[in-house]
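Undergrad: Quick one, structure for this:
(one chain, ligands or ions: 3)
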Amino acid sequence: MSFVATTFAKIRFSRYSKQAMCGILGLLLHDSTINCAPEICEGLSLLQHRGQDACGIVTCGPKGRFYQCKANGMVRDIFDETSIRKLIGGMGVGHVRYPTAGSFNNAEAQPFYVNSPYGIVFAHNGNLINTASLLQYMDATAHRHINTSSDSELLLNIFANNLQQTGKFRINEEDIFTAIGGMMKQVKGAYACVAMLAGFGIIAFRDPNGIRPVGMAVRKAETGKDYLFASESVVADSSGFTDWDDVKPGEAIIITRTSVSRRQVVEPATFAPDIFEYVYFARPDSVLDGISVYRSRMAMGDMLAEEVKRVLSKKNISVDVVIPVPDTSRVAALNLAQKLNLPYREGFIKNRYVGRTFIMPGQHMRKKNVRRKLNAMALEFSGRNVLLVDDSIVRGTTSKEIIQMAKDVGAKNVIVASCAPPIRYPNVYGIDMPSRSELVAYGRNEEDVAEAIGADLVIFQTLPDLIESVRQLNPSINRFDCSVFDGDYVTGGVDEAYFSNLETLRADNVRSKVEMMTGELGPAEGKGGGGAPAVNGTSDNVVSSGSINGDDIVGLHNTWKR
Ligand SMILES: O=P(O)(O)OC[C@H]1O[C@H](OP(=O)(O)OP(=O)(O)O)[C@H](O)[C@@H]1O
Ligand SMILES: NC(=O)CC[C@H](N)C(=O)O
Ligand SMILES: [Mg+2]
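TA: Residues are numbered from 1 along each chain as shown. Ligands and ions are numbered 1, 2, ... in the order given. Take a look at the predicted model:
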């Protein structure tokens, strides 16, 4: 690879994405002679916004054999015609990852795999919060070796251990429901998962609080029906699946070639889907838990307009133009402008070839990167009081840079309005915001935030208004997880000691140091870790239940052969 190509690969696969998470997908085609991998690959590219660091597909072909391709990188970089062709079989599981536990090591790319019992493949979106006691249980009681620091590998092994306890030669749906129900009583945290049992079928389940999304859809095939599980409904829409149905909190669904079985495997706890899915994560064209993400963002704009009107008139400030911060805030900003009867202008032009949460290592590089991604047009800013609208302010990197850019091209006053309230608490449920000190609103009031990002004024949506924007679209949901705004963690079990430990392990500065020392990320050429796709089918030199070193070890057919 040339220097330029290598450098760009490193940038593209950078672990320093902003607040990202994971996407999961499962597909079972009625006709098992048709390979499902091309469709899974398509589906993963529609979920790419949920995780850009690693991706993978495992399919199940004749004789119940698994075929795998996974590595660090984006879907378009990891999969090509050759690798897809080698993924044989009519059912499979896919994953796009941004880590919230463990590292960016290739070995932790998903789906994970265990050979015993029965051969299980597993993809997880979320984050567990009682991993310490689970690891102790795995070691002392279940005697299962967990070879990575990934909470997903741990979750898979809890599931596998519970299945093992049936002691059966062949299991049935009943056994699987019992194993998942048992697992849900053992683990705490957020998990939306898709699993596959060799030669049996695909399974989806969601934690008892339903924090992360996953749903199911059906498509009529010539001789029967195809079934899809996915994090977001957009995948179903684009491939002709209909009847999208969200997996319920505490529910498991098992699909085989001949049956669909669903079961509430534990009593549902308080249903509390993560509100940040609507603020930022999900695609606007997805509908999650009966709520259109697009409509919720329109409502956020409407509600925020009221707050902006109130604050501006109190401070006697006037605004000439509303400008969105591309991309996510566009929908809300347009509604806000219409409500306030102000012109809406696209003052920032985005380089469409730069990824969504595309951030380079270190603060200096991050700042540079915002400028790579967005360019301010003087003709929309010069001599004006501008109101910039963003969906959220997390570390403040984006706002700080774009405010400076706006001023550099002649803006008079720059006011920033955020569709989300100030973020002052870490996310522990699958979004990578682990460290309080990295959050610009932590320990700061609104004036301090404005000063920190260089704005003349910052206006935040109130939490009740944010909740109302989303909830009015499905009033049957009584609670959303808003922990990043109010520090109220729906699962419990998150306290000061937990935060301190999290910060020791996962703060940005800590991670970069550890990764540099251990080479865990492997961004250097030839390592195949963070910087480039793995070579020779390896996921670094680690053999684990989740990562297979080379072909055919423990029966997994690894197709990564570049
Ligand atoms: O305060 P920060 O730490 O900078 O994070 C907040 C920003 O990050 C996200 O944008 P991003 O560029 O990730 O994606 P987008 O193009 O979908 O808006 C989000 O939409 C905000 O603009
Ligand atoms: N963002 C996520 O959902 C990550 C899943 C899992 N905790 C991991 O780190 O791989
Ligand atoms: Mg943005």
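Undergrad: ok, the residue located most distally from the centre of the chain - contacts?
TA: In terms of distance from the mean C-alpha position of the chain, residue 316 ranks first, at 40.8 Å (C-alpha atoms, centre = their mean). By C-beta atoms under 8 Å, 6 or more residues apart in numbering, residue 316 lies in contact with nothing. C-betas here are computed from N, CA, C, even on glycine.
Undergrad: Ok, residue 244 next?
TA: Here residue 244 is in contact with 215-217, 233, 236, 287 (C-beta under 8 Å, 6+ apart).
Undergrad: Would you mind putting these into CSV with pLDDT and distance to residue 469 alongside?
TA: CSV is the format used below for the contacts of residue 244 (pLDDT from 0 to 100; distance: C-beta to C-beta, whole Å):
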residue, pLDDT, distance to residue 469
215, 98, 22
216, 98, 27
217, 98, 26
233, 98, 19
236, 98, 24
287, 98, 15
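Undergrad: can I get the residues you listed in CSV with distance to ligand 1, secondary structure and neighbour count?
TA: What follows is the contacts of residue 244, written out as CSV (distance: C-beta to the nearest ligand atom, whole Å; DSSP: H, G, I helix; E, B strand; the rest coil; neighbours: other C-beta atoms under 10 Å):
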residue, distance to ligand 1, secondary structure, neighbour count
215, 22, strand, 25
216, 27, strand, 22
217, 25, strand, 20
233, 18, coil, 24
236, 22, helix, 25
287, 19, strand, 23
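Undergrad: and of the residues you listed, the nearest to ligand 2?
TA: Of all the contacts of residue 244, ligand 2 sits closest to residue 215, with 16.2 Å by C-beta to the nearest ligand atom.
Undergrad: Measure how buried the residue nearest to that closest one when sequence neighbours are not counted is and give me the count.
TA: Distances taken as C-beta to C-beta, 6 or more residues apart in numbering put residue 246 closest to residue 215, at 4.4 Å, once the chain neighbours are dropped. By other C-beta atoms under 10 Å, 19 other residues sit near residue 246.
Undergrad: Make 7 the starting number, not 1.
TA: New numbering, starting at 7: the last item is residue 252.
Undergrad: I'd assumed residue 292 was in contact with residue 252.
TA: No. Counting by C-beta atoms under 8 Å, residue 252 sits too far from residue 292 to count as a contact (11.1 Å).
Undergrad: gap between residue 72 and residue 134?
TA: As for residue 72, its distance to residue 134 is 24 Å (criterion: C-beta to C-beta, to the nearest Å).
Undergrad: For the stretch 307-456 of the chain, which segments count as helices?
TA: 336-346, 368-379, 384-387, 403-414, 452-459 (DSSP state H, counting those that start in this stretch).
Undergrad: mind giving me a markdown table with these and columns for mean pLDDT?
TA: A markdown table is the format used below for the helices of the stretch 307-456 of the chain (pLDDT from 0 to 100):
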| stretch | mean pLDDT |
| --- | --- |
| helix 336-346 | 98 |
| helix 368-379 | 70 |
| helix 384-387 | 98 |
| helix 403-414 | 96 |
| helix 452-459 | 98 |
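Undergrad: Return the per-residue confidence for the residue of the stretch 407-556 of the chain found nearest ligand 2.
TA: Proximity of the stretch 407-556 of the chain to ligand 2 (C-beta to the nearest ligand atom) peaks at residue 436, 3.9 Å away. Note on residue 436: pLDDT of 93.
Undergrad: Compute the number of surrounding residues for it.
TA: 28.
Undergrad: thought it was touching residue 27?
TA: Yes. Between residue 436 and residue 27 there is a contact at 4.9 Å, judged by C-beta under 8 Å.
Undergrad: Could you tell me which residues touch both of the two?
TA: By C-beta under 8 Å, 6+ apart, residue 436 and residue 27 have these common neighbours: 106, 131, 218.
Undergrad: Return the residues of the stretch 7-156 of the chain in contact with ligand 2.
TA: Within the stretch 7-156 of the chain, the residues that sit near ligand 2 (C-beta under 6 Å from any ligand atom) are 27-28, 103-108, 114, 130-133, 156.
Undergrad: Let's see that with 5 Å instead.
TA: Counting by C-beta under 5 Å from any ligand atom, the positions of the stretch 7-156 of the chain adjacent to ligand 2 are 27-28, 104-107, 131, 133.
Undergrad: hmm, which of the residues you listed are the buried ones?
TA: 27-28, 104-107, 131, 133 (16 or more other C-beta atoms under 10 Å).
Undergrad: out of the residues you listed, which are inside strands?
TA: Assigned to strands by DSSP state E, the following of these qualify: 131, 133.
Undergrad: Output the buried ones among the residues of the stretch 7-156 of the chain next to ligand 2 in CSV, with pLDDT and distance to ligand 1 appended to each entry.
TA: Converted to CSV, these look like this (pLDDT from 0 to 100; distance: C-beta to the nearest ligand atom, whole Å):
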residue, pLDDT, distance to ligand 1
27, 83, 12
28, 95, 15
104, 89, 11
105, 86, 16
106, 85, 16
107, 83, 20
131, 98, 18
133, 96, 19
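Undergrad: quick one: which of the buried ones among the residues of the stretch 7-156 of the chain next to ligand 2 is nearest to residue 91?
TA: residue 28 (25.8 Å; C-beta to C-beta).
Undergrad: Just to check, the closest one is in contact with residue 107?
TA: No. With contact defined as C-beta under 8 Å, residue 28 does not count as touching residue 107 (10.9 Å).
Undergrad: about what we covered before: please name the residues that touch the residue of the stretch 407-556 of the chain closest to ligand 2.
TA: 27-28, 106, 131-133, 196, 217-218, 280.
Undergrad: at 10 Å what do you get?
TA: 26-28, 56-57, 104, 106-107, 130-134, 157, 195-198, 217-218, 280, 282, 287 (C-beta atoms under 10 Å, 6 or more residues apart in numbering).
Undergrad: now do residue 191
TA: 168, 214, 271-272.
Undergrad: Would you quantify the distance from residue 211 to residue 255?
TA: In this view, residue 211 and residue 255 are 10 Å apart by C-beta to C-beta.
Undergrad: before we move on, what about residue 442?
TA: To residue 255, residue 442 is 28 Å away according to C-beta to C-beta.
Undergrad: quick one, which of these two is more surrounded?
TA: A count of neighbours by other C-beta under 10 Å puts residue 255 above the other of residue 442 and residue 255, at 24 against 19.
Undergrad: so the more buried one, which of the three states?
TA: Counting by DSSP: H, G, I helix; E, B strand; the rest coil, the backbone at residue 255 sits in coil.
Undergrad: Verify the stated contact: it with residue 197.
TA: No. Taking C-beta atoms under 10 Å as the definition, residue 255 is not a contact partner of residue 197, at 11.0 Å.
Undergrad: any common contacting residues for those two?
TA: With C-beta under 10 Å, 6+ apart as the test, residue 255 and residue 197 both reach 190, 211-215, 217.
Undergrad: Save those as CSV, and put in neighbour count too.
TA: Rendered in CSV, the data for the shared contacts of residue 255 and residue 197 read as follows (neighbours: other C-beta atoms under 10 Å):
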residue, neighbour count
190, 24
211, 31
212, 28
213, 26
214, 25
215, 25
217, 28
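Undergrad: so which of the residues you listed also contact ligand 2?
TA: Among these, ligand 2 is touched by none when using C-beta under 5 Å from any ligand atom.
Undergrad: Please flag which of these sit within strands.
TA: 211-212.
Undergrad: near ligand 2, which residues of the stretch 307-456 of the chain?
TA: residue 436.
Undergrad: What score does the residue nearest to residue 221 have for pLDDT?
TA: pLDDT recorded at residue 252 is 98.
Undergrad: ditto for residue 266
TA: Reading off the confidence values, residue 266 has pLDDT 98.
Undergrad: Repeat that for residue 527.
TA: 31.
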